[in-house]
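Novice: quick check, what structure comes out for this input:
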Amino acid sequence: MELKLEMEAAPLNKATPISLAQHTYWNLAGHDSGDVLAHSIQIRGSQITPVDQISIPTGEFMQVSGTPFDFLTEGEIGDRIGQVPGGYDHNYVLDDSREVKSGLRHVAKVTDPSSFRVLNIWGDAPGVQFYTGNFLAGIVGKGGAVYGKHAGLCLETQGFPNAVNQPNFPSVIVHPGEKYMHTMLFEFSTK
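Specialist: Predicted coordinates:
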């Protein structure tokens, strides 16, 4: 099963920063099933854009190899999250991928070991924000379920956060007469 999301925007009369993101929380184990720390993830990005004390990207690029951010090969989220103060909330710089589907590159793969559900994400943006629900606490949801810390994860394909202040990041400025377009494809399966 697939779900395709297409976003577009156009400035009216001035150059405008545009970088739309989609912030769905995923827990492949299902509704009211606890946290996602046992999920495994693979992210097709060999660098992240490090952040400062208030989580704003500094303009630098950091290789993920040998760090808790290294998900180039599939790994369990909970194995390394304790090494990342506050949990994951970082932009990955997506590598060029040989895996292409409908003109979109493979961004990430998430697997739940209990349900065997798999989510593959495809997109055309330069980055993906990986967020592990670090600030979820007592959120009441469907059927009265209470969602706690790490009850879901987000993978948001996007332009790089803080790109308007970092000249070495890909530009997110769209000029009058231009159109911003961004596509994501969510592919669901079982293994």
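Novice: residues near the closest residue to residue 162 other than its chain neighbours, how many?
Specialist: Closest residue to residue 162 apart from its sequence neighbours, by Cβ to Cβ, 6 or more residues apart in numbering: residue 57 at 4.4 Å. The C-beta positions use only the backbone N, C-alpha and C, and glycine is treated the same way. Residue 57: 21 surrounding residues under other Cβ atoms under 10 Å.
Novice: repeat for residue 35
Specialist: For residue 35, the count of nearby residues is 21 (other Cβ under 10 Å).
Novice: need the contact list for it.
Specialist: Contacts for residue 35 (Cβ atoms under 8 Å, 6 or more residues apart in numbering) come out as 27, 78, 133, 148, 149, 150, 151.
Novice: helix or strand with the lowest mean pLDDT in this protein?
Specialist: strand 100-101 (a mean of 86; mean pLDDT, DSSP states H and E).
Novice: for that one, which outside residues touch it?
Specialist: 106, 122, 185, 187.
Novice: which residues touch the spatially most central residue of the chain?
Specialist: The chain has residue 155 as the residue nearest its centroid, 2.3 Å off, counting by Cα atoms, centre = their mean. Applying Cβ under 8 Å, 6+ apart, we find residue 155 in contact with 26, 43, 107, 108, 110, 121, 128, 129, 130, 131.
Novice: go through those and flag which are in strands.
Specialist: Among the contacts of residue 155, the residues falling in strands (DSSP state E) are 43, 107, 108, 110, 121, 128, 129, 130, 131.
Novice: return the closest of the contacts of strand 100-101 with respect to residue 143.
Specialist: Checking the contacts of strand 100-101 against residue 143 by Cβ to Cβ gives residue 187 as the nearest, at 27.0 Å.
Novice: secondary structure class for the residue nearest to the centre of the chain?
Specialist: Three-state call for residue 155 (DSSP: H, G, I helix; E, B strand; the rest coil): strand.
Novice: show me what it is bridged to.
Specialist: residue 130 (DSSP bridges).
Novice: pLDDT wise, what is it at?
Specialist: pLDDT for residue 155: 98.
Novice: and residue 164, by the same measure?
Specialist: According to the model, residue 164 scores 96 on pLDDT.
Novice: so it belongs to a helix, correct?
Specialist: Yes - per three-state DSSP, residue 164 lies within a helix segment.
Novice: skipping adjacent residues, who's closest to it in space?
Specialist: Using Cβ to Cβ, 6+ apart, the closest residue to residue 164 is residue 17 (4.9 Å).
Novice: quick check, the one you found in contact with residue 170.
Specialist: No - checked against Cβ atoms under 8 Å, the pair residue 17 and residue 170 is beyond contact range at 11.9 Å.
Novice: who touches both of those two?
Specialist: residue 163.
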